[in-house]
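In: Sequence and predicted structure are below.
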Amino acid sequence: MPTMRDDIRRGLNDIWPAAVAAAPIGLLFGAVAASKGLSPVEVFLMSVMVFAGGAQFAAIELWASPAPVAALVFSTLLINARHVLMGASLAPKLQGFSRWQKFLGLYYMADENWALAEKRARTHRLTPAYWFAMVVPFVLGWLINSTLGAVIGAVLGDPKRLGADFAFTALFIALVAAFWKGRVTFWTVAAAGIASAVTYRLAGPPWHVAAGALCGLLAAWLAAGSEAQPATKEAEA
Amino acid sequence: MSVDPINLLAFLGMAIVTYATRVAGLALAGRLNLSPRAQAAFDAIPPAVLVAVIAPSALATGWAETAAAAIAALAATRLPLLGVVAVGVVAVVAFRLVM
C-alpha cells in the first residue's frame, strides 16, 4: 500500500513529461491570444477560469472585438463535451476522494492528467494525493506559460518556425499509444481520425471533435462485437 | 493591463460550461450498466477523443504534418512521452523545410 508521500512523488513523476511538453503549447497559446488583442491579464484569467487547451485555442480562432460570447460558449461546450464521458469513466475510480475533493479536483481535469489518472487506476487505487500532485504543477505550468506567452508574444516570432505548434499533436499521439489494446484500438483510431479530419474540412471546427469521437466509439463497438461475441454470449443474453 | 467586461463575460460563460462538462460524469457514473460491447466502446473513449482533437493537425494540414505524425506514432511504440514529442517536433521542422 503506497503512502501519501509515495503517491505525491508518483504523481509529480508522471506529470512532468506532460507538463514540459505542454510548456511550448502554453507559450504559443499566449502569443496567439495576444495577437488577437487580449492583454496578459485577460490571458491569465481565461487560463485560470477555463483551463482547457483545445477549447481555448478554438476560442482564440473565433475571437473578435467585441467578443462573440454565444459562439465562444457554444464552441467551448462542444469541444469539452468529451469531459462528460471522461468524467463518467473516471468517477468510479475516485472512491478515495471526499465530496469536495471530487468537486475541486475535477475543476482542472484535462486530457493529460485524466489520461495519466486512468492509466494509474489500472494498477493502483487512485488517491487525492496522486491526483493533486499531478494537477497542481500542470495547472501552474499552463498559467505561467500562457501568461508569459502573451507578454513576450511579439518577441517569439512565428512559433511555426520552431515546430512548437506540432508539440500538441505529438503529445496526444504519445498518449494514445498508452491506451493501445490491439485491433479494437486500431479501428477506433482509424475511424476517429478520418471522421474528424473529414468533418474539419467540410464543416470546420468545432464539429470535428464530436464527430470524430463518436465515430471512434462506434468503430470500437462494431469491432468488439465481432470479436467478443463467442465468449460473451451469456453476458449479452 | 486592462480587462474588457465583455471578454470577462465570455471567460465566465466558457468556464461555467467547461466545469459543467467536468462534473457531469459524477452524476452519470454508477447508473451505467454496460454490456461487454458497450464496455469496449467506453474503453475506447480516451483514444477516440485524443485522435479526434489532433486529426485536423495530423491529417488535414499538409504532408509535412502527416508524415511527422506517422513518425511520432512509430516513435510512440518505442519511446517515452517526451521522446515522442521531441521526435515529432524535429520531424515536422525537417519536413517543412523539404516539402
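Out: Happy to help now that I have it.

In: In chain A, which residue sits nearest chain B?
Out: The minimum distance from chain A to chain B, using Cβ to the nearest Cβ, falls at residue A:87 (2.1 Å). The C-beta positions use only the backbone N, C-alpha and C, and glycine is treated the same way.

In: Chain A - how does it break down into domains?
Out: According to automatic domain parsing, chain A comprises the domains A:4-179, A:180-228.

In: Can you get me the start-to-end distance on stretch A:194-208?
Out: Taking Cα to Cα, to the nearest Å, the first and last residues of stretch A:194-208 lie 10 Å apart.

In: All the helices of chain B, residue numbers only.
Out: Using DSSP state H, the helices of chain B run over residues B:5-28, B:36-43, B:45-59, B:63-76, B:81-98.

In: which parts of the longest one are buried?
Out: By 16 or more other Cβ atoms under 10 Å in any protein chain shown, the buried positions in helix B:5-28 come out as B:7, B:10-11, B:13-15, B:17-19, B:21-26.

In: Check what contacts stretch A:185-205 and list those residues.
Out: A:58, A:61, A:75, A:79, A:176, A:179, A:207-209, A:211-220, A:222-223, B:44, B:47-49, B:51-53, B:55-56, B:58-60 (Cβ atoms under 8 Å, 6 or more residues apart in numbering or on different chains).

In: picking that back up, could you single out the nearest of the buried residues of helix B:5-28 to chain A?
Out: residue B:25 (2.1 Å).

In: how far away is the residue nearest to that closest one when sequence neighbours are not counted from residue A:105?
Out: Closest residue to residue B:25 apart from its sequence neighbours, by Cβ to Cβ, 6 or more residues apart in numbering or on different chains: residue A:87 at 2.1 Å. Look at residue A:87 and residue A:105: by Cβ to Cβ, to the nearest Å, they are 11 Å apart.

In: Okay, helices next: where are they in chain A?
Out: A:4-35, A:40-49, A:53-62, A:69-80, A:82-90, A:99-105, A:111-123, A:128-156, A:167-177, A:183-202, A:207-236.

In: who does the third one touch, helix- and strand-wise?
Out: So that's helix A:53-62. Helices and strands touching helix A:53-62, by 3 or more Cβ pairs under 8 Å, 6 or more residues apart in numbering or on different chains; DSSP states H and E, are helix A:4-35, helix A:40-49, helix A:69-80, helix B:5-28.

In: Now do that helix against helix B:5-28: the angle between them, please.
Out: Counting by axes from the mean of the first three to the mean of the last three Cα atoms, to 10 degrees, helix A:53-62 lies at 150 degrees to helix B:5-28.

In: Please apply the same query to the first one.
Out: Direction vectors for helix A:4-35 and helix B:5-28, defined by the same axes, to 10 degrees, enclose an angle of 140 degrees.

In: Flag every buried residue along helix A:4-35.
Out: Quick answer for helix A:4-35 (16+ other Cβ under 10 Å): A:7-8, A:10-11, A:14-19, A:21-34.

In: ok, now the third one?
Out: Residues of helix A:53-62 classed as buried by neighbour count (16+ other Cβ under 10 Å): A:53-60, A:62.
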